[in-house]
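S.K.: Below is the sequence, then the predicted model.
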Amino acid sequence: MYHDEFSRFAEIEYSNAKKELERLLDLWDDAMWYHSEVSGFQKWKEPWYTSFPGSNVEMYSQNHLKEDSYKFYYAGVVENAAQLPPMIVYAELQPARDLCDAKKEQLRAAYDWAPGGAKYEGHLQSEGARAYVLLSDKREKRDDSRDAFAGNGIGL
């Protein structure tokens with residue numbers, strides 16, 4: 001996409017954040033399926049469908065540090081399955097989405113915030129930038145010329 005070092009680093013960071021979000025979304029799907037199967041057997045009443053007694057359910061997570069390594073949360077019959085509140089996974093999704101969005105925005109940060117870039121130009125129009133200009137105009141101007149040091153000590 002871009003060819004400077006900062007942009008290559010931002011691309012790697014965005015790619016990692018996107019992969020983590022995708023893994024969490026997959027885990028979310030699995031957790032929702034598991035939760036509906038277990039809740040369907042243990043709590044639901046007519047007219048909702050219930051899980052068949054004796055049917056097997058399993059919930060596991062993949063260890064992404066080691067390929068094809070899985071850790072089981074539960075594997076067995078639905079009657080004995082422990083509840084898994086999907087909110088545990090959901091609580092991780094929003095921070096992962098926010099991180100992914102922030103890393104995506106950083107892909108162009110070096111260009112957007114450089115003079116002439118869209119964010120730089122927008123910042124120049126902000127109230128903070130206007131306040132800075134007003135305050136800096138009110139400050140006493142320093143004369144840094146060579147003649148400023150002659151005689152009266154001003155400029156030291």
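M.R.: Perfect, I can see it now.
S.K.: where are the low-confidence patches of this protein?
M.R.: 1-3, 41-51, 62-70, 138-156 (pLDDT under 70).
S.K.: so how far is the longest helix out of those in it off the chain centroid?
M.R.: Longest helix in the chain by number of residues, with DSSP state H as the criterion: helix 5-42. Centre-to-centre, helix 5-42 and its host chain are 12 Å apart (CA atoms, centre = their mean, to the nearest Å).
S.K.: Would you mind measuring from residue 97 to residue 15?
M.R.: Relative to residue 15, residue 97 is positioned 15 Å away (CB to CB, to the nearest Å). Heads up, the C-betas are built off the backbone N, CA and C, glycines and all.
S.K.: Check residue 119 too.
M.R.: Between residue 119 and residue 15 the computed distance is 22 Å (CB to CB).
S.K.: Who has more neighbours out of these two?
M.R.: Shown here are residue 119 and residue 15; by other CB atoms under 10 Å, residue 119 has more neighbours (14 against 11).
S.K.: one step back: report all helices and strands that the longest helix of the chain contacts.
M.R.: Helix 5-42 sits against strand 56-63, helix 87-106, helix 109-112, with contacts defined as 3 or more CB pairs under 8 Å, 6 or more residues apart in numbering; DSSP states H and E.
S.K.: got those as TSV, with distance to residue 136 and mean neighbour count columns?
M.R.: Shown next, in TSV, are those (distance: least, CB to CB, whole Å; neighbours: other CB atoms under 10 Å):
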stretch	distance to residue 136	mean neighbour count
strand 56-63	55	15
helix 87-106	29	14
helix 109-112	24	16
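S.K.: May I see the ones you listed organised as JSON lines, with distance to residue 7 added?
M.R.: Converted to JSON lines, the helices and strands packed on helix 5-42 look like this (distance: least, CB to CB, whole Å):
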{"stretch": "strand 56-63", "distance to residue 7": "31"}
{"stretch": "helix 87-106", "distance to residue 7": "9"}
{"stretch": "helix 109-112", "distance to residue 7": "6"}
